[in-house]
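>>> Below is the sequence, then the predicted model.
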Amino acid sequence: MCRLIACCLLLAGAALATEPRDLVLVRSATRADARAVEAAGALVDFVSAEGIVAEATEQVQASLRAAGFAVEPLVPGISDRYEANFNSGLEFGQYLTYDGFVDSMRAIAANNPGICRLETLGTSFGGRLVLALKFSDNPSVHENEPAVHFEGAIHGDEKIAWAVAFEMVKYLLNNYGTDTLVTRLVNTREIWLLPMYNPDGYVAARRYNGNNVDLNRNWGWMWGGESAQGASAFSEAENRAVLAHIWRNPMVMFISFHAGIEYISFPWSYSPDSIPEKRLINFLSQRYSVPTGYPYGQGYQGMYPINGSTKDFDYGYGMMGWSIEVHAQKTPPASEIDPTFNRNRSAMLEFFHRAGQGIHGTVTDAATGLPVHCQVWVGPANWPSYNHRELGDFHRFYLPGTYSVTFRAPGYLDTTVAGVVVPGSGDSSVTLDVRMTPNESAPLFACRLVWCSYVNETANRTYPVRALGPSDGVPFQLDNTKTICLDMNRPVRNGPGTDLVVYRSSGTGTASVQGANSWQGPWTNIGTANSAQTGFDLGSVGLDSTRFVRLTASGTFYFDAVEGVNFTGIEEGSTNRASRSVPGPSVARGAPRARGRPLSLLDATGRRVLSLPPGQTAPPRLAPGVYFVYGETATPVRRLVIVR
């Protein structure tokens, strides 16, 4: 097997050579020691009652002993054993090389265009392809269907994780059209399979990517405080590619396969606190546990504390997320591939099915009928998720019960539907099709979190999603020197006077404020938020707009919200499309009127803005927005869109 050999890996000042690794027990070490063990260069597999089980070279073992840890060998040369297992092969269940995998994915997509499409999400640090297959009965287009995502080998040496995801690719292909369950799921879901998340690590048979970063410490929910975490949140090309993927395709469920122990790990991993919707994640984890026999629990206690994990970001973004450890060995013999996949297969299919349970629907603009990209907040937990930009469809898993659902988008009036009942029979789902009303008095606001720094998990129990939406007095505690980066969903434009307002709910802490039109910068300093309500003029710092806002705290900053002045009163994308159909600025050309009858203009909320007397064809100057024009009952209502 061709291996990519790196000369050395610098990890927090400790050199990790490419010499063989042993499986060792760091006796009496606890979960609280996991970060120190990783910082020394070991690869932590799990924490047991006896201590931490990890992989370590002889050099790293010596470093651990020098630090006062008792290290006992369990399996000498475990990395060599994994390599030998990788080279073993069977006719059906076998490990593929990177090149063989790429060729297979291309051939599968080319030969089955009716049910799958190959998408290159991006490239790795080393220039290798990050490939995903989408399974659907119309794979080339987005449909109003719940989406699920399964991935493997985010840690490149955990190759059985790759195999389980890739075997599902083969299973769907081999059974579509003959197996009624598989056929139904492919026809009614969007199933994304990303078997080889970390191709650099897979080729090199090592945990990290080609930039020596642990991709499962580099995600944007509570990033930092870890070894091999990367230079910044989402610093790595692989993670940026998958982030863009889920921004384009919001998922109901996001599952990342791992190996080295058998365990179903759910959020949070950064905090001992339960997620707000623990009842949901417990139910689904139990459903996966029944056919597999894997134990399940919260990552923080059941495994060990980590920051910047995929599953924490998944749930923070409104998806049900897991890291599922599928085998006690990271790369067992190829003869273990089929049994391991078969052990997981029915649970994976059930997750495909469960994605259709809960609350679903579409969100459109009441004036234009076009999709509105929005937050979907479901009570009583009051946790957000997002709909799809293209069709406006949203999908959230929920158990039978009664819920309140609020739809919130910058520049629109909130729409709340109370008493939403998810039934306990049939497909256990309910559909809500919502029309949101644009309003020029409704502010723009932070719509979604890009990333935030880690917190002291025992002292700070607040969530960064509390900084989303308009000011409501419920803050995220941004600790001293820590940073949060937010997406306003569309640019806040420079206009007369104040364009951007940062709200602090209490305290005396301050925060530097920066703006950019890409979350990766370049960033422009806008000023300092130092009061309960600090306004900023973008033009005064040379900005004509900013879509992304970044705050860094000095002292403890109780960050309530950031709002922008709304100059359109309608979603930007919808305005642009609608404005093409406007015949001209004259009201007379846009709306025929009965002779001698007054002409009335209503805004998007139905409020009468003005009446034009007979003979007057041009209205006074109006603020940009959507207006409706009518002359009398028998006259059709016409829509007029005014854009700046």
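The structure has been received and is ready for your questions.
>>> tell me the phi and psi of residue 121?
Dihedral angles of residue 121 (phi, psi; degrees, to the nearest 10) stand at phi -70, psi -30.
>>> Can you tell me the closest non-neighbouring residue to it?
Distances taken as Cβ to Cβ, 6 or more residues apart in numbering put residue 241 closest to residue 121, at 4.2 Å, once the chain neighbours are dropped. Using the backbone N, CA and C atoms, a C-beta is placed for each residue, glycine as well.
>>> Look up how far residue 132 lies from that neighbour.
Distance, residue 241 to residue 132, using Cβ to Cβ, to the nearest Å: 9 Å.
>>> Now list whatever residues contact both of the two.
residue 121 (Cβ atoms under 8 Å, 6 or more residues apart in numbering).
>>> of the two, who's got more company?
The residue with more neighbours, out of residue 241 and residue 132, is residue 132; 24 against 20, by other Cβ atoms under 10 Å.
>>> Where does that one sit, in terms of helix or strand?
strand 129-135 (DSSP states H and E).
>>> what helices or strands is the next helix or strand after that strand leaning on?
Downstream of strand 129-135, the next assigned helix or strand under DSSP H and E is strand 147-151. If you count contacts as 3 or more Cβ pairs under 8 Å, 6 or more residues apart in numbering; DSSP states H and E, strand 147-151 packs onto helix 159-175, strand 190-194, strand 253-258, helix 337-354.
>>> Can you lay out those as a markdown table showing mean pLDDT?
Formatted as a markdown table, these follow (pLDDT from 0 to 100):
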| stretch | mean pLDDT |
| --- | --- |
| helix 159-175 | 97 |
| strand 190-194 | 98 |
| strand 253-258 | 98 |
| helix 337-354 | 97 |
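>>> Can you say which of those is nearest to residue 30?
Residue 30 lies closest to strand 253-258 among those, at 21.0 Å (Cβ to Cβ).
>>> just the angle between that closest one and helix 337-354, please?
170 degrees (axes from the mean of the first three to the mean of the last three Cα atoms, to 10 degrees).
>>> returning to what we had before: and of the helices and strands packed on strand 147-151, who's closest to residue 548?
Comparing these under Cβ to Cβ, the one sitting nearest is strand 253-258, at 23.1 Å.
>>> Ramachandran coordinates for the residue nearest to residue 121?
Per degrees, to the nearest 10, the backbone of residue 241 is at phi -70, psi -40.
>>> Could you check how far it is from residue 354?
On the measure of Cβ to Cβ, residue 241 and residue 354 end up 27 Å apart.
>>> among the helices and strands packed on strand 147-151, which is nearest residue 443?
Using Cβ to Cβ, these put strand 253-258 closest to residue 443, at 30.8 Å.
>>> packing partners for the helix or strand just after that closest one?
Per DSSP H and E, strand 253-258 leads on to strand 261-266 as the next helix or strand towards the C-terminus. Using 3+ Cβ pairs under 8 Å, 6+ apart as the contact test, the elements touching strand 261-266 are strand 43-47, helix 278-292, strand 296-298, helix 299-302, strand 320-327.
>>> Who are the contact partners of residue 467?
446, 449, 475-476, 478, 484, 486, 559-562.
>>> Would you mind measuring from it to residue 103?
Residue 467 is 46 Å from residue 103, by Cβ to Cβ.
>>> hey, what's the nearest residue to residue 46 once chain neighbours are set aside bridged with?
Leaving out its chain neighbours, the residue that sits closest to residue 46 by Cβ to Cβ, 6+ apart is residue 261, at 4.1 Å. Beta-bridge pairing of residue 261 under DSSP bridges involves residue 327.
>>> Show me what counts as buried in stretch 160-180.
Of the residues in stretch 160-180, 160-169, 171-173, 176 count as buried by neighbour count, 16 or more other Cβ atoms under 10 Å.
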